[in-house]
Every structure is written in C-alpha cells, then in structure tokens.
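Asks: A predicted structure for the sequence below; I have some questions about it.
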Amino acid sequence: MDGIRVARAALSRLFEPLDPIGTALVSILGPVDALRVATGRAAAAGAEAVLADPGMGGGALAAALERWRPRVAQLAPERDLETIARFGGRLVIPEDDEWPDGLDDLGAEAPLCLWVRGEDRLPAMKRTVAIVGSRDATGYGLSVAGELAKGLADRGLTVVSGGAYGIDGQAHRAALASSSHALPTVAVMAGGVDRYYPSGHEDLLREVARRGLMASEMPPGASPTRHRFLKRNRLIAALSSLTVVVEARWRSGALSTARRAAEIGRHVAAVPGSVYSANSVGCHRLLREGALCVTDEKEAFELLSASGEGLVEEPEVPAAAHDGLSLVDFMVLEALPKRRGAEVESLASVAGLSEAEVRAGLGRLQLLGLCTRSEWGWRRVADA
C-alpha cells in the first residue's frame, strides 16, 4: 500500500487533472507501473496497444511522455507526504476505506487521489450538500446562502463548497456557525491545501482546516489556475448528493458544477432571484433546464429525504439556547463577550456587520434573554 500511495502522490504532481493519457495509463497498468512508464523508467508494453487506438490520436503516449518530461525532475512524493503530514493532513487514495464512493461515479474523470487537511474523515456522500454560486454575490445571495448552509449544517449535513469569495465563503462561514456536532464543511481547493487561496479568506480557510476539511487533487504547493478551478468543480459535484446554486451569472463557473452533478445523477437545485438581477440569470437558466427550486434549508432537506438518501428522520441535536436564530443574530451573539461588556462599534467590527444590524440584533437577543447590557457595555449571558 505504501508503494501505491507514493506512486499516486507522484502522479498527482506529474499529471494535470483530467489528463486522458495519464488516466488511461493508471487504469491499464496500475499506479506503480504507470509511474515507471510516465517517468521513462520502463516501456509501456502493456499499454501501447490501447493507447494506439485512433480515439487517442496517433503517438498519444509519445506526446504525453514529452509533455510530462519537464516535471519528472521535480517529483519528490515522500517530501510531499511529509509536507501534508506537517499540516495535519494526509493523502487519501482509492485503495483506502475513507475514499468517497461518490468520486467513482466520475469514471475515467475520477481523481488519482485527494490531499486532505484536517482531522475528520471525508464524509459519506449522502450526508453532504454543495452550496455554490457567484463570487460577486449580492446581499440577497449572501443572506440566502448563509441561511441554507447553517440550517443544513444544524441538521447534521456537511456543506461542500470551493472556498472562493461570495457564495462559497458565506456557505463555509455559516456552516462553521452551526450548533451540530457533525463535520460542518469541506472546502475543495484548486491548488494545494497548504495554501490559503484566495488570500482574503486565509482566516476562514484556517478555521475550515481546523474544524472541517480542506481537500484537493493537487499536491502541496500547487498553484490554483483557471483551468484547475474548472476541473475542480467536478469534485464538488461528485462529493455531494445535492448541489444548490444560490446565485450565478449567465457564464458562472457554478453552472459547470451543477451540470456535472446532473450528468452523474446527482440532485441539482437553484434558488430563484429577481428577474432584474444579472446574478440570478444562471439560476433561472438552470430552473428552465429542470433544476428543482429551493428557497430554504427545509426544502433542500426534504428533497434529500424524498430521494431515499437515508435522511428521512432528522438527526437528534441537543437543544441550545441559540437554536432558531437568524444568521445575523447568531453572528452578533458570537461576537458578544461573556464577561466584560463591549460597545456596538466593537461588536460590529468583530461580527463583520453594520452598526445598524448589530443594534437590531442586540434588541432581539435581549428579548430572548441571550444578552444583557451593563455599565461596561453589552455582554452575552452565561448560558447563551
């Protein structure tokens, strides 16, 4: 097994995702022999006939070997495995029990391996929901994405997304605010999981790595590029039983995730928006093409339950004082100190909300007995 793990680690750096010749080579010879052939250390005796198929193009293997040659000297799989271990992660391969079965539905497009950062195991597909959408999300989109993600996470589901600005980041952030003890979220990255990209989400992704999981088919140190983002979307689709698009423009990358999900038999849903909003054009396009309409987490949960995914009964979650709060109120509650008080300006900075939102939230929380005001300012009550 160690030899197979090392070989797959090396191949993940040698091949770009969805390399057809590399994938065929591994399928025919297995990862260990495929690595020997791909690095020029052995002849591809068992693969030449298949790779000579007209569908592959004449001289496909020779061209691929030439394409891979510049990377051969850079291969250091043992070092990559040591690097991921230093970050508290591991390499998960198809030969492992932890390998998500959903990835096998991609067939020849399945990844060679997954570099995973975090302590938990990768979740079962039937317990996961992808929430994706525009990077330049509107306030409406961010609000809906947050309510969806937190609500589904509260029900014990894992929210999968891509770590990007906009809808992705809001989905991760809201899932992390869940009161559930289940794995809250998985960020599927286009580059190495030792890198925080985008840099503006460094704090968020650190928290995802600490309390959830970061995963990528790219090895440590790999840079995210445009084509890797597009190829990454198939992994988000395959890891999830349902993909929900909250906001998407006409040519949004989120649409490729939704379409790939539909192609491999997953449920696809979209959130409707204003007919005047360019950010909802893609969602309306999906709805016309047959995606299901979802407006809240209850509808998304019911969609999975009706599909026979084993979610008919809601998981038992211990009651908490903050159950049922809106995302804004929960963010205000989380920002409140438990001992010395804080003023509205300070709370707005900590929560990332406007002062008006904080004041309104404090009023609602005070009525619920979750916060109180003292001479030192606002603070959270002991049991909240």
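Replies: Received the coordinates, thanks.
Asks: which other residues reach the helix or strand encompassing residue 256?
Replies: Counting by DSSP states H and E, the element that carries residue 256 is helix 253-263. Helix 253-263 has contacts (Cβ atoms under 8 Å, 6 or more residues apart in numbering) with 130, 132-134, 167, 229-230, 233-234, 236-238, 240, 243, 245, 248, 267-268, 270, 282, 285-286, 290-291. Glycine gets a C-beta too; all of them are placed from N, C-alpha and C.
Asks: can I get it as PDB, trimmed to CA atoms?
Replies: Extracted C-alpha coordinates of helix 253-263, given in PDB (Å, rounded to 0.1, in the frame of the first residue of the first chain):
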ATOM      1  CA  GLY A 253     -18.500  28.500 -13.000                       C
ATOM      2  CA  ALA A 254     -21.200  27.400 -10.600                       C
ATOM      3  CA  LEU A 255     -23.200  26.300 -13.600                       C
ATOM      4  CA  SER A 256     -20.500  23.800 -14.600                       C
ATOM      5  CA  THR A 257     -20.700  22.300 -11.100                       C
ATOM      6  CA  ALA A 258     -24.400  21.900 -11.400                       C
ATOM      7  CA  ARG A 259     -24.300  20.400 -14.900                       C
ATOM      8  CA  ARG A 260     -21.600  17.900 -13.900                       C
ATOM      9  CA  ALA A 261     -23.700  17.000 -10.900                       C
ATOM     10  CA  ALA A 262     -26.700  16.300 -13.200                       C
ATOM     11  CA  GLU A 263     -24.500  14.200 -15.500                       C
END
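Asks: residue ranges with poor pLDDT in the stretch 201-350 of the chain?
Replies: 306-323 (pLDDT under 70).
Asks: what about the closest residue to residue 31 other than its chain neighbours, how many residues nearby?
Replies: Distances taken as Cβ to Cβ, 6 or more residues apart in numbering place residue 7 nearest to residue 31, at 4.1 Å, with adjacent residues excluded. Counted with other Cβ atoms under 10 Å, the neighbours of residue 7 add up to 23.
Asks: how about residue 7, what does it touch?
Replies: 31-32, 34-35, 77.
Asks: mind running it again at 10 Å?
Replies: Applying Cβ atoms under 10 Å, 6 or more residues apart in numbering to residue 7 gives the contacts 26, 30-36, 38, 77, 93, 112-113.
Asks: for residue 34, see how far away it is.
Replies: 7 Å (Cβ to Cβ, to the nearest Å).
Asks: what's the overlap in contacts for the two?
Replies: What both residue 7 and residue 34 touch, as defined by Cβ under 10 Å, 6+ apart, is the set 26, 112.
Asks: tell me where the stretch 201-350 of the chain has strands.
Replies: 213-216, 242-245, 267-270, 292-293 (DSSP state E, counting those that start in this stretch).
Asks: looking at those strands, which is buried most?
Replies: strand 242-245 (a mean of 30; mean count of other Cβ atoms under 10 Å).
Asks: partners of that one in the sheet?
Replies: Strand 242-245 has its sheet partners listed here by DSSP bridges as strand 128-132 (parallel), strand 267-270 (parallel).
Asks: and the helices in the stretch 51-200 of the chain?
Replies: 60-72, 77-86, 139-154, 167-176 (DSSP state H, counting those that start in this stretch).
Asks: in TSV: these, plus mean pLDDT and mean neighbour count.
Replies: Shown next, in TSV, are the helices of the stretch 51-200 of the chain (pLDDT from 0 to 100; neighbours: other Cβ atoms under 10 Å):
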stretch	mean pLDDT	mean neighbour count
helix 60-72	89	15
helix 77-86	97	16
helix 139-154	96	23
helix 167-176	97	28
